[in-house]
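Colleague: Sharing a model that was predicted from the sequence below.
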Amino acid sequence: MADDPLDDFASEDVTLLGRTRRVHRKGSGPAVIVIAEMPGISPKVANVARRIADRGATAIMPSLFGVDGRDPRPDNLGVVGGVTNMLGTMARACISREFTVLATGKTSPVADWLRELAAREHDRCGGPGVGAVGMCFTGGFALAMATDERMVAPVLSQPSLPFALLPGRGRSIDVSDADLAVVQARCARGLQVMGLRFAGDRLSPGSRFEHLRELLGDAFLAIELPDDSANPDSFLPQPHSVLTEDLVDEPGQPTREAFDRVLDFFADKLDLSGPGGDDAADRGGGVPPSR
């Protein structure tokens, strides 16, 4: 896979809260914010947005870091180039004041910008609300956005902040206690939150999902996949990226079924009318958790 020109997306610079970012948009219908994993909007992240748009939503991809459309894999950039690209992007994000990567009990400031974007897109696209999917570095951002009543379908794919390899970080997520209290109250009133991870993923550990279950109860819909269901051709050193690098995009594959459940979740919560949307509505939103 080579770099993706993203030429099937409409792109514009969006200024919110005094900060301007490039935003890529595709589709029609209610908005779903697709928040890229490290090192940015890769071709596979863009394909997540395309699948969401095909389901009947407007997929919105804000550019938070990295080079939009760049394929980060070693077979495109070379081994040295791939490592340099990943580590350089992470280093810049880690020193940015917009991202909280180490501290527990804090929401990254960029979540305020994302909430404003979601509100803007809801006004623009209409519908019963907004969805969001965050991945890896940005996984917890979708949960932080759920403090806004317009966020009705938050999905956390392998949420990895704060970095769980440091002591005491595994049973936490990068959302402040105050924001978590708001989300808990919304879950008590019917909000559901979906989470995805591989069982052996140390960057998004099982203790983080246990913590979310304790906080959110049955409102947390956890999908935990066996490590051997990950794409054997992934360049990642361990199973991690459920919807992108480690996806085996074939019918009957566990990762494909997980992706389909994400699409069903959006279709149900946002009342999508695209392909498959009517079937999801007929199921009444039943998305059972995996334990």
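Modeller: Perfect, I can see it now.
Colleague: in its sheet, what does the lengthiest strand in the chain sit against?
Modeller: What stands out as the longest strand in the chain, according to DSSP state E, is strand 19-27. Each strand paired with strand 19-27, and its direction, by DSSP bridges: strand 10-16 (antiparallel), strand 58-62 (antiparallel).
Colleague: With mean neighbour count added, can I get those in a markdown table?
Modeller: C-betas here are computed from N, CA, C, even on glycine. Written out in a markdown table, the entries for the strands paired with strand 19-27 read as follows (neighbours: other CB atoms under 10 Å):
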| stretch | mean neighbour count |
| --- | --- |
| strand 10-16 | 13 |
| strand 58-62 | 25 |
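Colleague: and these as CSV, adding distance to Gln238?
Modeller: Supplementary listing: the strands paired with strand 19-27 in CSV, determined by distance: least, CB to CB, whole Å:
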stretch, distance to Gln238
strand 10-16, 33
strand 58-62, 26
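Colleague: nearest to Asp112, of these?
Modeller: Using CB to CB as the criterion, the shortest distance between Asp112 and the strands paired with strand 19-27 is 8.7 Å, found for strand 10-16.
Colleague: Figure out the helix or strand that Arg197 lives in.
Modeller: With the criterion set as DSSP states H and E, the secondary-structure element containing Arg197 is strand 193-198.
Colleague: export that strand as CSV, just CAs?
Modeller: The C-alpha trace of strand 193-198 is given here as CSV (Å, rounded to 0.1, in the frame of the first residue of the first chain):
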residue,chain,number,x,y,z
VAL,A,193,-19.5,3.1,25.2
MET,A,194,-17.7,0.5,23.0
GLY,A,195,-14.1,-0.6,23.5
LEU,A,196,-11.9,-2.9,21.5
ARG,A,197,-8.5,-4.5,22.2
PHE,A,198,-6.4,-7.6,21.8
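Colleague: Give me the contacts around it.
Modeller: By CB atoms under 8 Å, 6 or more residues apart in numbering, the surrounding residues in contact with strand 193-198 are 143, 146, 153-159, 183, 187, 204, 206, 208-209, 212, 216, 219-227, 229-230, 238-240, 242-243, 246, 258, 261-262, 265, 287.
Colleague: circling back: now render the strands paired with strand 19-27 as a markdown table, adding mean pLDDT.
Modeller: Compiled in a markdown table, the strands paired with strand 19-27 are given as follows (pLDDT from 0 to 100):
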| stretch | mean pLDDT |
| --- | --- |
| strand 10-16 | 98 |
| strand 58-62 | 98 |
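Colleague: Give me the pLDDT for Gly126.
Modeller: According to the predicted model, the pLDDT of Gly126 comes to 97.
Colleague: which parts of the helix or strand where Ala267 lies are buried?
Modeller: For Ala267, the element it lies in under DSSP H and E is helix 254-270. If you call a residue buried by 16 or more other CB atoms under 10 Å, then helix 254-270 has these buried ones: 254-255, 258-259, 261-270.
Colleague: wait, what's in contact with the closest residue to Gly126 other than its chain neighbours?
Modeller: The shortest distance from Gly126 to any non-neighbouring residue, by CB to CB, 6 or more residues apart in numbering, is to Pro30 (6.7 Å). Each residue near Pro30 by CB under 8 Å, 6+ apart is listed here: 57-58, 122, 125-131, 270-272.
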